[in-house]
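# Have a look; sequence and predicted model below, questions after that.
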Amino acid sequence: MTRSVRVRPEAERDVETAFAWYEEQRAGLGREFLHELDVVYERIAKFPFLYAELYRGLRRVRVRRFPVGVFCLVTPAEIRIVAVVHAARSPNAWRSR
């Protein structure tokens, strides 16, 4: 069963910030980032329990080609993306989400 993926507003802002930064580095790189992120979202929807639980249902999925982690909560009805953060960023910065 494939669950729906819902991206929380805070995570959307994370994606927008990362997109803008990658586009500044090289034109088109932001689009490549978004494509890889879509692949991750599809993988999470199909195989949500493939990724280890880090803390109270929170799971992290790494984005191929980019040093970014997607943090999600799996519920019976859906998958909630709570953060999309650079690997070097402190997990405490967004943990309250």
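Perfect, I can see it now. Residues are numbered from 1 along each chain as shown.
# for the longest strand seen in the chain, which positions count as buried?
What stands out as the longest strand in the chain, according to DSSP state E, is strand 78-86. Applying a neighbour-count criterion of 16 or more other Cβ atoms under 10 Å, one finds 79, 80, 81, 82, 83, 84, 85 buried in strand 78-86. C-beta here means a position set from N, CA and C on the backbone, and glycine is covered the same way.
# what's the answer for stretch 25-36, then?
Quick answer for stretch 25-36 (16+ other Cβ under 10 Å): 29, 30, 33.
# Pretty sure residue 45 sits in a helix.
Yes. Under DSSP: H, G, I helix; E, B strand; the rest coil, residue 45 falls within a helix.
# That one contacts residue 5, correct?
Yes. Between residue 45 and residue 5 there is a contact under Cβ atoms under 8 Å: 5.1 Å.
# Report the set of residues contacting both of these two.
Common contacts of residue 45 and residue 5 (Cβ atoms under 8 Å, 6 or more residues apart in numbering): residue 79.
# now the strands: where do they sit in this protein?
4-7, 53-55, 58-62, 68-74, 78-86.
# Note down every partner strand of the longest one and its orientation.
Paired strands of strand 78-86, with direction, are strand 4-7 (parallel), strand 68-74 (antiparallel) (DSSP bridges).
# average pLDDT for the first one?
Here strand 4-7 scores 96 as its mean pLDDT.
# Pull the residues that contact it.
With Cβ under 8 Å, 6+ apart as the test, strand 4-7 has contacts from 15, 41, 44, 45, 72, 77, 78, 79, 80, 81.
# Skipping its backbone neighbours, what lies nearest the residue most central in space within the chain in space?
When Cα atoms, centre = their mean is applied to the chain, the residue found nearest the centroid is residue 70 (2.5 Å). Nearest residue to residue 70 in three dimensions, chain neighbours excluded: residue 61, at 4.6 Å (Cβ to Cβ, 6 or more residues apart in numbering).
# if I look at that neighbour, how far off is residue 14?
Residue 61 is 14 Å from residue 14, where distance means Cβ to Cβ, to the nearest Å.
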